[in-house]
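Colleague: sequence first, then the predicted structure:
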Number of protein chains: 2
Amino acid sequence: MNTNQRARHLRLPEATAEDEAGAADRQFVAALGRGLDILRCFDEGDAELGNQDFVQRTGLPKATVSRLTYTLARLGFLTYVERSGRYTIGAGVVALARTMLNNLDIRQLARPQMLELAERFGAVCCMAARDRNHIVFIEMARSSSAITLSTDVGSRVPIESTALGRAYLAVMPADERTALLADLKQARGKDWPAAKAAIAQGQEQFRRQGFVVSLQSWQRDVNAVAVPLVMPNGSGIYSFMCGGPSFLIKQAALENEIGPALRQMVYRLEVGIGGRRGVHRLRD
Amino acid sequence: MNTNQRARHLRLPEATAEDEAGAADRQFVAALGRGLDILRCFDEGDAELGNQDFVQRTGLPKATVSRLTYTLARLGFLTYVERSGRYTIGAGVVALARTMLNNLDIRQLARPQMLELAERFGAVCCMAARDRNHIVFIEMARSSSAITLSTDVGSRVPIESTALGRAYLAVMPADERTALLADLKQARGKDWPAAKAAIAQGQEQFRRQGFVVSLQSWQRDVNAVAVPLVMPNGSGIYSFMCGGPSFLIKQAALENEIGPALRQMVYRLEVGIGGRRGVHRLRD
DNA sequence: AATTATATTCCGCATTGCGGAACTAAGTTC
DNA sequence: GAACTTAGTTCCGCAATGCGGAATATAATT
């Protein structure tokens, strides 16, 4: 066997499908994984990418990339741009995203309450889920007076440096969390110790108060508080946040008013979807 | 060779990847196509789907589906729901969609003008692209007074029965259009003659007036006018629409005011992105 | 015309994915 | 609680499928 020089890919910041699949996972369909890796190559600011770019970013051989992009384009997940010979993400993806959002009942349920909260505190209130190493906004409510944050549904923020992420971590099943932390550790490199401390602190705060406050740790000028929601039917975890510009939203308000109100909101949601029956663990 | 009994799938309304690939396309990666077919199984109203559902909808064998869903879930394109043993679309898709939308320059450029138009006519103004047999909303601007249509970014509407779609068809390259029409024909079955006539009429109207008006052909109570935009760099075609409830937006207004205004807007956009040379295209 | 950079096509090889069948695991029904 | 039903995973041998190095095509650049 002189083969298997395949997995000799460049090591890149984001793990590729191949890496994740670990050794030999008889169940994992590599061709599919690679195709999706191609899609994930697109990042903020990459309007168009050519096969060459994909080759560089994924470490896959030219011929392979060519075939994959061809396939993706054929199915509308990529759009071929005549003039430049490059690709953009196809419109099909947007439709898929909408289907997902529309069918997320919890989101419909939460929306009015989020709006109310945002209005009440002149803040922004978001709902988020996790996508691998990131937190993704799933819904966003702004008070009419709020200074608009430049984020929107579908935007991603880091896990370890946001209230949303730390709240999420606080309620993750132990095994999953361990895996995720390991992942983050290697992605963050030497910034890890600081991140780890912040996570631990979030954990602790959640245990005591039922929410996680974050002061400017994600962006210099944003303060926020977050509360996680574990879906009772095992469909995962969501995280809710309320916050705003630091000159407006102060720590005291977050801890004494907004945090409790948000916790209350999430509690109501849990009840609304049939969790928290019988005895309650966390009462306020 | 006793093989090749594989392609013996049930014939389903929406063509699957396999069908499209046609005979033997050496370039097409079937495993990837099948995986994406799984994702596409989700439709409005399908919050969760189990492997069984996928088997039914795609016609693929159990074992195959099992492997594909496993892979998709591993990569965050599907989320596994503990309790029900079924899947939902993963949050990663939403992030991907956002990336696409954010990088679509034409969209940023169009937004303010769309808003202005919507405001001016008390209507809704949308921008759309095509995803296979559908038109997908890419941007939407509402006048503050508008009665909200229940559609939103990412929603899909048919091609042949909407102004947006018919405008799109009017400027498609001949070969692509032929293929698309063939596709639609077989999907629509006996409703085709009517659809075909409407398309031809749209074509004709576009040739004469530069826009396509549609009165209640998509929904009983919606009137609209649409104008297509062929990107000068060959990155595809977009379609813009302005319209609203039929009791408010009348045919006369569409033809005499709104249509021309929309046409004008699209013209400005074309200029703004360097199309419509004649004068000069773009020197860099 | 020569050079570089990028993408597609070719084609033989073996890996990968396939899928029928056997096996688990949960419900239902009687 | 045995006998069905229904859904999902695992097994495993087979060969079709996808792979990828090299050759070829296509453009842009000098």
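Modeller: On my side now, so go ahead.
Colleague: for stretch A:116-127, what is the average pLDDT?
Modeller: Averaged across stretch A:116-127, pLDDT comes to 94.
Colleague: give me the distance between the two termini of that stretch.
Modeller: Taking C-alpha to C-alpha, to the nearest Å, stretch A:116-127 runs 14 Å from one end to the other.
Colleague: same thing with stretch A:215-222?
Modeller: Distance across stretch A:215-222, first residue to last, is 7 Å (C-alpha to C-alpha).
Colleague: pull the CA atoms of stretch A:81-96 into PDB?
Modeller: The C-alpha atoms that make up stretch A:81-96 are tabulated as PDB, following Å, rounded to 0.1, in the frame of the first residue of the first chain:
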ATOM      1  CA  VAL A  81     -20.300  33.700 -12.700                       C
ATOM      2  CA  GLU A  82     -19.700  33.700 -16.400                       C
ATOM      3  CA  ARG A  83     -17.300  36.600 -16.600                       C
ATOM      4  CA  SER A  84     -14.900  35.800 -13.800                       C
ATOM      5  CA  GLY A  85     -15.200  32.000 -14.000                       C
ATOM      6  CA  ARG A  86     -15.800  32.000 -10.300                       C
ATOM      7  CA  TYR A  87     -18.600  31.000  -8.000                       C
ATOM      8  CA  THR A  88     -21.000  32.600  -5.500                       C
ATOM      9  CA  ILE A  89     -23.200  30.900  -3.100                       C
ATOM     10  CA  GLY A  90     -26.500  30.000  -4.800                       C
ATOM     11  CA  ALA A  91     -29.900  31.300  -3.900                       C
ATOM     12  CA  GLY A  92     -31.100  27.900  -2.900                       C
ATOM     13  CA  VAL A  93     -29.200  28.200   0.300                       C
ATOM     14  CA  VAL A  94     -31.300  31.200   1.300                       C
ATOM     15  CA  ALA A  95     -34.500  29.300   0.600                       C
ATOM     16  CA  LEU A  96     -33.200  26.500   2.800                       C
END
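Colleague: can it be said to contact chain B?
Modeller: Yes. Residues of stretch A:81-96 contacting chain B under C-beta under 8 Å from any C-beta of the partner chain: A:81-84, A:88-96. C-beta here means a position set from N, CA and C on the backbone, and glycine is covered the same way.
Colleague: where's the residue nearest the centre of chain A, which helix or strand?
Modeller: By C-alpha atoms, centre = their mean, the mean C-alpha position of chain A lies nearest to residue A:135, the distance being 2.0 Å. Using DSSP states H and E, the element containing residue A:135 is strand A:134-142.
Colleague: burial of residue A:255, as a residue count?
Modeller: Look at residue A:255: counted by other C-beta atoms under 10 Å in any protein chain shown, it has 15 neighbours.
Colleague: quick one, strands of the stretch 1-150 of chain A?
Modeller: With DSSP state E, counting those that start in this stretch, the ranges of strands along the stretch 1-150 of chain A come out as A:78-81, A:86-89, A:124-131, A:134-142.
Colleague: residue B:65 is nearest to which of those strands?
Modeller: strand A:124-131 (23.1 Å; C-beta to C-beta).
Colleague: and that closest one with strand A:134-142, angle?
Modeller: 160 degrees (axes from the mean of the first three to the mean of the last three C-alpha atoms, to 10 degrees).
Colleague: now do the closest residue to residue A:102 other than its chain neighbours, the pLDDT please.
Modeller: Excluding its sequence neighbours, the residue lying closest to residue A:102 (C-beta to C-beta, 6 or more residues apart in numbering or on different chains) is residue B:44, at 6.5 Å. As predicted, residue B:44 sits at a pLDDT of 84.
Colleague: residue B:44 and residue A:101 touch, don't they?
Modeller: No. In this structure, residue B:44 is not within contact of residue A:101 by C-beta atoms under 8 Å, at 11.2 Å.
Colleague: who has more neighbours, the two?
Modeller: Between residue B:44 and residue A:101, counted using other C-beta under 10 Å, residue A:101 has the larger neighbour count: 22 against 10.
Colleague: rewinding a little: is any residue of the strand holding residue A:135 near chain B?
Modeller: Yes. Using C-beta under 8 Å from any C-beta, strand A:134-142 reaches chain B at A:134, A:136, A:138.
Colleague: by neighbour count, which of those residues wins?
Modeller: In the residues of strand A:134-142 next to chain B, the most neighbours by other C-beta under 10 Å go to residue A:136, 24 neighbours.
Colleague: residue contacts, that one?
Modeller: Residue A:136 is in contact with A:128, A:129, A:130, A:154, A:155, A:156, B:91, B:92, B:94, B:95, counting by C-beta atoms under 8 Å, 6 or more residues apart in numbering or on different chains.
Colleague: now residue A:71
Modeller: By C-beta under 8 Å, 6+ apart, the contact set of residue A:71 is A:35, B:27, B:28, B:29, B:32, B:33.
Colleague: restricting to those, which residues neighbour DNA strand C?
Modeller: Of the residues in the contacts of residue A:71, proximity to DNA strand C by C-beta under 7 Å from any atom of the strand holds for residue B:27.
Colleague: flag the least confident of the contacts of residue A:71.
Modeller: Among the contacts of residue A:71, residue B:27 has the lowest pLDDT, at 88.
Colleague: look up phi and psi at it.
Modeller: Note on residue B:27: its backbone torsions stand at phi -90, psi -20 [degrees, to the nearest 10].
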